[in-house]
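> Okay, predicted coordinates and the sequence, questions at the end:
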Amino acid sequence: MLWALLALFVLYPLGAMFARIFRDDTGFGIAGALATLADANQVRAFWNSLLLGTLVGVLGTVAGFVFAFSAARTKLPRWMATAIDAAVLLPLVSPPFTAAIAMIFSFGPRGLITYELLGIKGFTVYGLGSTLFSEALTYFPIAYLTLRPILAAIDSNIEGMALSLGASRWRVFRTVTLPLCIPGIANAFLLLFAASLADFATPLILAGNSFPVLPTQAYLQITGLFDLRGGAVLSFALLVPALAVFALQRYWVSRRSYVTVTGKGAGQAPFDSAAPSVRALLLAACAALTLAIVYLYALLLYASVVVALGANHALTAQHYKVIFTEGLKAIRDTLIIAGCAMPLGGLYGILLGYLVAKRNFPGRGAMELVSMVNYALPGTIVGIAYLIAFNDPPVELTGTALIIVACYVFRYGPTGIRATVALLQQIDRSLEEASQGLGASSSTTFRRVTLPLILPAFFAGLGVVFIRSMTAISATIFLVSIGWTLITVKILDNMTELSLGPAAAFSVLVVAIVFAVMAAISWMLSLLRAPGAAPVPSLLGG
Amino acid sequence: MNVLKLALLCMLLGALPARAAETVNAYSIWPENWARPLFEEFEKATGIKVNFVRFSSGEALARVIAEKNNPRVDVLFGGPVETHSAGIKEGIFESYRPPSFDKLAPRFRHPEGQWVAIADDPLVFMSNNKFLKDNNLKAPASWNDLLHPAYRNMLQMADARTSGTAVTRIFSVLEVNGRDENKAFDYLKKLRPNVQLYTKSGGGGTLPVGLGQAGAGIFFIVDALDTKAKGYDVSISFPQEGIGTAAEAIALLKGAKNPVQGRKLIDWASSPAMQGLFAKHKINFVPAHPDVAVEASLAEVLRGAKIFPIDAEYAGANRKRVVERWIGEVLNAKP
């Protein structure tokens, strides 16, 4: 069943696109495509992409780990944990272009901070630095969402034991906590690396002309030079490093055992793994990053209530009136689509994650690989592939909401898959064996034992799919239709019309909706939790 | 499993086809705030409702090409002619000559009617007034004014790899240099250090110039006047040597499901019926139809400006080579 879905929504579109672009009047040829690849500028862009992806992966994972560690291991006061969770969500919710515009407004040659505040003249915002900063800021929440359940699931008694055996806190962290997080760290790095490889919007605005990257080149090749074939080839070049990192992390992670959740755990004694000074340092780091995030979004909020940012700062509610009249259809469509994609994406994530982590069947590796493809490809290509594949019979989906939902599920579901895999690697097989030994069927075991244990991963997947459904544009710009449109497309329109106000107002609305939904999920989660069960770390601090 | 039920319900809802009436479907390259009022006027005049989605020219063309075996829309509305020229090679258009065809100047129509022009859009210089004042400059009135050291790293304009605006700009420079390519490229190379950013889309630099992040740039007049209308303090000027202009076109798609209504939309858009409404809806395009007068305030901006069309034959024959040379010698030149 899953294979059928993967074949239909991952392999078939890519195959259809290949068939279309490489078979033309002159027969089947890839000579032209290879020429595109050999171009010196594209080669440079390829290495730039790898550099950017690696840096974003490292930086984002570190930031995500710091946040996750602070939230799960330093006994924060409850309000602070909630504040961190909320701040972490913000960058994920950044709709295309608006955050980049806030960056330029602040750090541009005449920026609010660089010029007005610090008096630096001729500061260049465009380049590797700002692209890296912006991407790391946007994607580190994925690392946070992946790592936090892992950290929370490590039985703190293990760390407590190490401490009572005389190890220092640092030694405990280095030899116990950190190594146990390796599946999570490796997965987080993979997700970030792939996300950066696929992101074209941020570099489009911030990378400038001196730092070309491949996804942007591919996008420009298609929309600027009208060269679909060249763009597709460039995109597939991106799959090579993404899959290499994927293979590497599997090899690295699979060499050891990370089981910490066994049947033997008693009640967890809360463990304070950071010394007071370290704790202060961690909190300061979190606070600094949180402040930077809050600043960028405060600017966005400001832009939504003034007539025209940078020209006329009189307060107005006009922009909100516009989005709730002309934009109402887009809001409704987006909510329906995101509402459908969310449960499906979450379910898809844990099912596939469970299968590839816990079951042995032929083609398991291939299935895991295929599930990552849509995530690692630039959205432009995924969008066009869907368009080509589903425009004609036998599977005619163009113009429906289903095509957008499917695109979201298979493009953003992998976050849930990776989170599930990482979490399952911590769980001892004996737990399930015990359940089956006691006479439970395998489906009962899954429902009663495994499922509750991977629930945090389910909700991480749920959250990411929902958020991405609210904010993604690169693939879906090719899938929206006369019947179904999206808020992000409206934002892009407003940006091209220089209507910064409505664009900002839409963005603020998206942020508000996402927060409301996340709060609702947390609330549902707290209702679902069986009395006496271990608290499930949710997305908004419980 | 309520979740599953809900999801299934959503799928069913999503799979329902749109209802049909007397309608025409279009991809609009013109922004929604212009397309929507014009299409409402069309509905008022003919009773035909226009369903449309807005895309940038590249995205619209990529979609039309991908959908060519089973077109989802009938008309590609607006967008610089070069988009339509690229589409002809893909065989996506159906020739059609509307009644206005014979009245249009040759550069406003494809000889077989693969597309016809509905507007004209000259380039302009747009500068930030505060920037000009801070540097004691007047609005640039010559191509050479942009080489002034005060503009160093302060210009934004479009990237020729992606934007028709940029191609029109480069061919303007070629024209004012008597089509002497080496001379033109000398100028473009000298301009390079002053360019802060080559933007993906033609209008990408208007907001930075409006906000003062950039000092000046070269844009199409519609984008420049729109920036001004939004309240940004900018000046619009023309180089004394002259500057190019590009036509905006409309085309009927091959295999259109509502060809009759599609042709009616083209009849309407290529005639004074639509182009006479530009002024009413504050759309600052220059009409392509000779019988429509240029609106007074737009005429005032254009007064005295030296504007020339880019020769389609010359540009078509040299475009690829010139853009490649620009990428190699200008864009990727080491600063």
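Looks like it arrived, so ask away.
> switch to C-alpha atoms for all contacts and neighbour counts from now on
Noted.
> you'd agree B:K138 is in a strand?
No. Under the criterion used here (DSSP: H, G, I helix; E, B strand; the rest coil), B:K138 is coil, not part of a strand.
> what residues are up against it?
Contacts here follow Cα atoms under 8 Å, 6 or more residues apart in numbering or on different chains; on that basis B:K138 touches B:L132.
> roughly how far apart are it and B:D233?
Distance, B:K138 to B:D233, by Cα to Cα, to the nearest Å: 14 Å.
> Same question for B:E300.
To B:D233, B:E300 is 18 Å away according to Cα to Cα.
> can you give me the strands in the stretch 201-335 of chain B?
B:216-220, B:234-237, B:243-253, B:286-287, B:307-309 (DSSP state E, counting those that start in this stretch).
> do you know which of the ones you listed lies nearest chain A?
Closest to chain A of these, according to Cα to the nearest Cα: strand B:234-237, at 10.3 Å.
> CA atoms of the closest one as CSV?
Extracted as CSV, the C-alpha positions of strand B:234-237 are listed here (Å, rounded to 0.1, in the frame of the first residue of the first chain):
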residue,chain,number,x,y,z
VAL,B,234,11.2,58.6,-5.9
SER,B,235,11.9,60.5,-9.1
ILE,B,236,11.4,59.2,-12.6
SER,B,237,13.7,60.3,-15.4
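> Against which helices or strands is that strand packed?
Applying 3 or more Cα pairs under 8 Å, 6 or more residues apart in numbering or on different chains; DSSP states H and E, one finds that strand B:234-237 contacts strand B:116-128, helix B:221-229.
> so which of the strands of the stretch 201-335 of chain B gets nearest B:G276?
With Cα to Cα, the closest approach to B:G276 among the strands of the stretch 201-335 of chain B belongs to strand B:286-287: 7.8 Å.
> Check what contacts the closest one and list those residues.
Around strand B:286-287, the neighbours that count as contacts under Cα under 8 Å, 6+ apart are B:118-121, B:275-276, B:278, B:293-294.
> Narrow those to those that are buried.
B:118-121, B:275-276, B:278, B:294 (16 or more other Cα atoms under 10 Å in any protein chain shown).
> before we move on, back to that, could I get the strands of the stretch 201-335 of chain B as a markdown table with mean neighbour count, distance to B:T199 and mean pLDDT?
Listed next are those as a markdown table, based on neighbours: other Cα atoms under 10 Å in any protein chain shown; distance: least, Cα to Cα, whole Å; pLDDT from 0 to 100:
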| stretch | mean neighbour count | distance to B:T199 | mean pLDDT |
| --- | --- | --- | --- |
| strand B:216-220 | 27 | 11 | 94 |
| strand B:234-237 | 23 | 19 | 94 |
| strand B:243-253 | 26 | 19 | 93 |
| strand B:286-287 | 26 | 24 | 92 |
| strand B:307-309 | 18 | 23 | 90 |
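> Can you add distance to A:Y354 and give those strands back as a markdown table?
Listed next are those as a markdown table, based on distance: least, Cα to Cα, whole Å:
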| stretch | distance to A:Y354 |
| --- | --- |
| strand B:216-220 | 54 |
| strand B:234-237 | 59 |
| strand B:243-253 | 48 |
| strand B:286-287 | 62 |
| strand B:307-309 | 63 |
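> sorry, back to before: between B:E300 and B:D233, point out the one with more neighbours.
Between B:E300 and B:D233, B:D233 has the larger neighbour count (other Cα atoms under 10 Å in any protein chain shown), namely 20 against 11.
> got the contact list for the more buried one?
Here B:D233 is in contact with A:311, B:128-130, B:210 (Cα under 8 Å, 6+ apart).
> next one: B:D180
B:L174.
> before we move on, what about A:L6?
Going by Cα under 8 Å, 6+ apart, A:L6 touches A:370-371.
> Any idea how many residues pack against residue 315?
Let's take chain A. Using other Cα under 10 Å: A:L315 sits among 13 other residues.
> You answered for a different chain; I wanted chain B.
B:A315: 14 neighbours (other Cα under 10 Å).
> Not counting sequence-adjacent ones, nearest residue to it?
Excluding its sequence neighbours, the residue lying closest to B:A315 (Cα to Cα, 6 or more residues apart in numbering or on different chains) is B:F171, at 7.2 Å.
> That neighbour and B:A317 touch, don't they?
No. Using Cα atoms under 8 Å, B:F171 is not in contact with B:A317; the gap is 12.0 Å.
> Look at the two and report which has more neighbours.
B:F171 (26 against 10).
> Next, work out how far apart the more buried one and B:I236 are.
Distance from B:F171 to B:I236, by Cα to Cα: 20 Å.
> Where in chain A is the helix or strand with the lowest mean pLDDT?
Across the helices and strands of chain A, mean confidence by mean pLDDT, DSSP states H and E is lowest for strand A:27-28: a mean of 52.
> helices or strands up against the helix ranked longest in chain A?
Secondary structure assigned by DSSP state H gives helix A:40-73 as the longest helix of chain A. Secondary-structure packing of helix A:40-73 (3+ Cα pairs under 8 Å, 6+ apart): helix A:78-92, helix A:128-153, helix A:182-198, helix A:214-223, helix A:276-305.
> how about the residues of the stretch 101-250 of chain A near chain B?
Contact residues, the stretch 101-250 of chain A versus chain B (Cα under 8 Å from any Cα of the partner chain): A:104-105, A:108-111, A:122, A:126, A:204-205, A:208-210, A:220-226, A:228.
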